[in-house]
Structure formats: C-alpha cells, structure tokens
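>>> Turn this into a model:
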Amino acid sequence: MAVTDSAVVPVGREPEETREGSPGASEGARAAHEGILRRQSARESAARTYARALPIVPVRARGLTIEGADGRRYLDCLSGAGTLALGHNHPVVLEAIRKVLDSGAPLHVLDLATPVKDAFTTELFRTLPPEFASRARVQFCGPAGTDAVEAAFKLVRAATGRAGLLAFTGAYHGMTAGALEASGGASDVRVARLPYPQDYRCPFGIGGERGAELAARWTESVLDDTKSGVPLPAGMILEPVQGEGGVIPAPDAWMRRMREITAARSIPLIADEVQTGVGRTGTFWAVEHSGITPDVMVLSKAIGGSLPLAVVVYRDDLDVWQPGAHAGTFRGNQLAMAAGTATLAYVRENRLAERAATLGTRMIAELRRLAGEFSCIGDVRGRGLMIGVELVHPETPSDPAADRPRPAAPELAAAVQRACLRRGLIVELGGRHASVVRLLPPLTITDEQAAAVLDRLADAVGAVARGGSG
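Coordinates of the predicted model:
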C-alpha cells in the first residue's frame, strides 16, 4: 500500500500517525514548535547533529511513537541511536525508576556498593556468555560509551605494558580523543588500521569468504612482519557489526580468525558492543553469532534502559589497575542501573533477541525485494534489527567485471531521510559517505508496526527515485 501525505496508518495499540497537513496541530502548537527550533539554532553549538536533519520537537513518546510539539506523530527507527531497546517509556523501565525514587535511596553514590548496583551487575552477568561471565570483572565508567572505550584502552595498556592498538577501517568508537583515534575518520593516526571485510565494497574487490580470508591474512602479515612498522599492540578493538560505518556485519568465520590471531599473540581482543548489545542483532551479545569469547567487552546505550550508563567487562587476569586508575563522578547512576536491570531482564525473559532475529530477517528480505524495484538501492544488509539500505547513483553503470558497485549517493540518502520524515518515519544516515539509511527500531516493534515502517520507507524511496526530493 502506498502511503500518501493524507493517509493515516494504525500501528497496533500506538496512537494513529498524524501527517503533515492534517488537522492534528493548532496554529499555536506550530508556532511553539517553530520558536523552540529557532532558539535552539540561535543558542546551541554548531556541532549539533541529529537536530539538523530531524527538525522535530518531541514532547511525548511511547514505544515506537514520538509526538512532536506541533502535534505530528512519528515512527521512531532511530531509537536514541540504538539506546531504546524497549522503545520510549516502556512500563517496566518507568516502574523501575519510580521504585528507586519512591524508596528514598540516594541517587548519587560514586562507586559505592548499593542494592541497585548489585541487582544490575547480577543481571548483567546472567546475560553474558557463560565462559566469559565465569571470569569477568566489571568497571563502571563515565556515562557515555566513549568513556568505556577509553577505559578499555587504558586497561589493556596497563595489563600488557604495551601502547599501540589495532582498529579497523570504517570503525566508530566514540568522540573522545582515544576513541576517535581508533575510529575510521581519524586524522592524527597513532593506531594501526586494518581492513574490515565486507561484501558490497570489499577492500580487495572480492567480497565473500575469500575477501574475509584476505583481510585476516593481511592482519597476520602486519603482526608477524618485523618490518611492517606495527609493533606488538596492547589490544585490538572491533565491532561485530559496524554501525556508523554503514551497518556492515563481520563474517562469523572472520571473527573467529581474529580471536585465533589475537589469542596466539597474547593480544587482548576488545569487542565494542555499545550499539550491537542487548539483543539488537539477534543474539543477546553480537559476539555470540560467531561463538567467540573476547577478553574485553565495552557496553553502553541499551544497558541503561534509556538512561546514561557505560561499563567495561573484562577477563579477571587483566585486572591490574591501581585504585583510581579509571574513575568518573557519574559512574554510580542509580536510576540508570535500575532501568538497565529492568531492560536486560525483560529482553532476556521475553526472548526479544530471537524476536529481533526473526523480524530482522523478514524486514531485510522485504527491503531486498524493494531493491529489485529501484536501482538507486545498491545494497541491503544488516543483522537482526540493525539494518542498512545503501543508496547509489542509479545512472552510473556498475562494473561487474571489476566488482565495482555504483558510487555512493549521499544526496539521495538525505532526500530519502527527508521524505521519510514527511511521511512520519524517523531514520538515521550512516556509512562512509552518509549514504546508508539506517533502521534501529526498538526490539518491541510489532509486525504491524514493522509493515508500516517498510511501507513508508518504500514510499519515500519511490518518491525520490521518481526524481523528486520526496
């Protein structure tokens, strides 16, 4: 069913979606909405990001749905960049927060032990791969994932006595100095960069198992060649699925090879599960797809149940830190730990990881059928409910003989994002050239809601493909 600007699509028990031009918003509401946006533009830093592409003013939200100050409603497939595993204001999360507030418990305790923290660590360890949990230690960090990445780097450097790090092309690990150095957009590089395998834009022009094997061999060569210029590093950090890099799942066999390569050389392997964790990719933790056990896991986003929380979990023999080696004033956020405990337990008890695997497979299949209709879609990929649709220039012929796909089309991706927003759908862009439309819906999304998301995205792509901006 094509969606028009006047259509109303029911989404389960959520409120009906109000479209632009519908009578849902008063003139006063629209004026308030526009005034808030004007003041934001005048007062906030030029570094603001999401607000530029998504000029909305959320005032209420529940599950998949956001209502703006202008009265319009949207299906939110950004989910706080993957933070909202259960969607907005899930009842179990709100109840957990209220329970702490009503108990009179302190809200700020630095790193002191509390019943709330004990419940969180117990539930967290229950969800970890058993062989990892049996020897694990946890370090509570500052409230952002990037601080946990910094902590992981400090940890492996202290444990190994070495300084260098291995990271991968296309990586994203955060916005602080050390995390940026390990990310794909680094300019002042003090981290050795390795090829990350992918099928669509394989760095070796091959893709598939052979491309992944070449990437692994290159890694071995860099480490074993005494003239490679890369001394034995303190650690290797990788994402089981590159998110900001364009939603690129790492092949399971390649993940196992990275584990073998690092273990054989006593290099701690750090898995960045900030965005892939808590059921997002179809297993509770994305490393479970390949069956590997990393030495360190970096966790944030969904583990706080929508509130700021970040931790590093690592093998006990790496625990060589001195007291205070890594600290942070806000590492004891009791509300976040309570919300996180409720979220982890709900995902585990309701088997939402399995649900994400099933629904994600179905959504990717539907999107690949859509790609057959529109040549501006170059590739559809993902794992679970972490899905990417890469937009390319349809008028540029591909070169099958050279295994070169069409050039990325960031302007088309931006047009699709705008067209989606006009149809009441919030999506994010990512990838090397910001040409990948990303879907990160909550794990609680219903079949009906998923159909509505795909319907609106298909309509937006169709509008852009026909030559308009949507």
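>>> can you count the residues close to Arg265?
Arg265 has 13 neighbours, counted by other C-beta atoms under 10 Å. No exception for glycine: its C-beta is placed from N, CA and C like everyone else's.
>>> dump the residue contacts of it.
Neighbour list for Arg265: Leu223, Leu232 [criterion: C-beta atoms under 8 Å, 6 or more residues apart in numbering].
>>> do the same with the one 5 residues further on
Listed by C-beta under 8 Å, 6+ apart, the contact partners of Ile270 are Ala152, Val156, Gly235, Met236, Ile237, Leu238, Pro294, Asp295, Val296, Met297, Val298.
>>> Dump these to a markdown table, plus secondary structure, pLDDT and neighbour count.
Formatted as a markdown table, those follow (DSSP: H, G, I helix; E, B strand; the rest coil; pLDDT from 0 to 100; neighbours: other C-beta atoms under 10 Å):
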| residue | secondary structure | pLDDT | neighbour count |
| --- | --- | --- | --- |
| Ala152 | helix | 96 | 32 |
| Val156 | helix | 96 | 25 |
| Gly235 | strand | 96 | 25 |
| Met236 | strand | 97 | 28 |
| Ile237 | strand | 97 | 27 |
| Leu238 | strand | 97 | 24 |
| Pro294 | coil | 98 | 27 |
| Asp295 | coil | 98 | 25 |
| Val296 | strand | 98 | 27 |
| Met297 | strand | 98 | 27 |
| Val298 | strand | 98 | 31 |
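>>> Could you double-check that Pro308 lies in contact with Gly332?
No: using C-beta atoms under 8 Å, Pro308 is not in contact with Gly332, being 11.6 Å away.
>>> more neighbours, these two?
It is Gly332, of Pro308 and Gly332, that has more neighbours when counted by other C-beta under 10 Å, with 20 against 16.
>>> Can you tell me the closest non-neighbouring residue to the more buried one?
Val109 (4.4 Å; C-beta to C-beta, 6 or more residues apart in numbering).
>>> The one you found contacts Leu335, correct?
No: at 11.5 Å, Val109 and Leu335 do not qualify as touching, with contact defined as C-beta under 8 Å.
>>> So for these two, which residue has more residues nearby?
Ranked by neighbour count (other C-beta under 10 Å), Val109 and Leu335 place Leu335 first, with 21 against 15.
>>> OK, contacts around Ile267?
Taking C-beta under 8 Å, 6+ apart as the criterion, Ile267 is in contact with Thr160, Leu166, Leu223, Leu232, Pro233, Ala234, Gly235, Met236, Ile261.
>>> Can you convert the contacts of Ile270 into a markdown table and add a column each for distance to Asp102?
Putting the contacts of Ile270 into a markdown table (distance: C-beta to C-beta, whole Å) gives the following:
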| residue | distance to Asp102 |
| --- | --- |
| Ala152 | 36 |
| Val156 | 41 |
| Gly235 | 43 |
| Met236 | 45 |
| Ile237 | 41 |
| Leu238 | 42 |
| Pro294 | 39 |
| Asp295 | 40 |
| Val296 | 37 |
| Met297 | 33 |
| Val298 | 33 |
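>>> Looking at these, spot the one nearest Glu123.
Comparing the contacts of Ile270 against Glu123 with C-beta to C-beta places Met297 closest, at 15.2 Å.
>>> The closest one and Glu273, how far apart?
Distance, Met297 to Glu273, using C-beta to C-beta, to the nearest Å: 5 Å.
>>> ok, now Pro294?
Distance from Pro294 to Glu273, counting by C-beta to C-beta: 9 Å.
>>> Touching both of these two, which residues are there?
Val287.
>>> quick revisit: got any residues that touch both of Met297 and Glu273?
Trp285, Val287.
>>> list the buried ones in stretch 382-400?
By neighbour count on 16 or more other C-beta atoms under 10 Å, the buried set for stretch 382-400 is Gly382, Arg383, Gly384, Leu385, Met386, Ile387, Gly388, Val389, Glu390, Leu391, Val392, His393.
>>> give me the element the first one is part of.
Assigned by DSSP states H and E, Gly382 falls within strand 377-383.
>>> That strand packs against which elements?
If contacts are counted by 3 or more C-beta pairs under 8 Å, 6 or more residues apart in numbering; DSSP states H and E, strand 377-383 sits against strand 248-249, helix 352-373, strand 386-391.
>>> Minimum distance to His88: which of those has it?
With C-beta to C-beta, the closest approach to His88 among the helices and strands packed on strand 377-383 belongs to helix 352-373: 15.8 Å.
>>> wait, what's in contact with Ala450?
The contact partners of Ala450, by C-beta under 8 Å, 6+ apart, come to Leu359, Arg362, Met363, Pro441.
>>> Please repeat the previous calculation with a cut-off of 6 Å.
Listed by C-beta atoms under 6 Å, 6 or more residues apart in numbering, the contact partners of Ala450 are Leu359, Met363.
>>> Identify the residues contacting the spatially most central residue of the chain.
When the chain is reduced to its mean C-alpha position, the nearest residue by C-alpha atoms, centre = their mean turns out to be Gln275, at 3.3 Å. Going by C-beta under 6 Å, 6+ apart, Gln275 touches Gly82, Gly243, Lys301.
>>> From Leu440, how far out is it?
With the distance defined as C-beta to C-beta, Gln275 ends up 8 Å from Leu440.
>>> Give me the common contacts of these two.
Taking C-beta under 6 Å, 6+ apart as the contact rule, Gln275 and Leu440 both touch Gly82.
>>> Where does pLDDT dip in this protein?
1-25, 184-189, 397-403, 468-470 (pLDDT under 70).
>>> Tell me where it has helices.
For the chain, the helices defined by DSSP state H cover 27-43, 50-53, 79-82, 91-103, 115-127, 130-133, 145-160, 177-181, 208-224, 252-264, 334-349, 352-373, 410-422, 447-465.
>>> Switch the ones you listed over to JSON lines; also include distance to Pro197.
Output for the helices of the chain, formatted as JSON lines (distance: least, C-beta to C-beta, whole Å):
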{"stretch": "helix 27-43", "distance to Pro197": "41"}
{"stretch": "helix 50-53", "distance to Pro197": "30"}
{"stretch": "helix 79-82", "distance to Pro197": "22"}
{"stretch": "helix 91-103", "distance to Pro197": "37"}
{"stretch": "helix 115-127", "distance to Pro197": "28"}
{"stretch": "helix 130-133", "distance to Pro197": "24"}
{"stretch": "helix 145-160", "distance to Pro197": "22"}
{"stretch": "helix 177-181", "distance to Pro197": "22"}
{"stretch": "helix 208-224", "distance to Pro197": "4"}
{"stretch": "helix 252-264", "distance to Pro197": "5"}
{"stretch": "helix 334-349", "distance to Pro197": "29"}
{"stretch": "helix 352-373", "distance to Pro197": "19"}
{"stretch": "helix 410-422", "distance to Pro197": "23"}
{"stretch": "helix 447-465", "distance to Pro197": "27"}
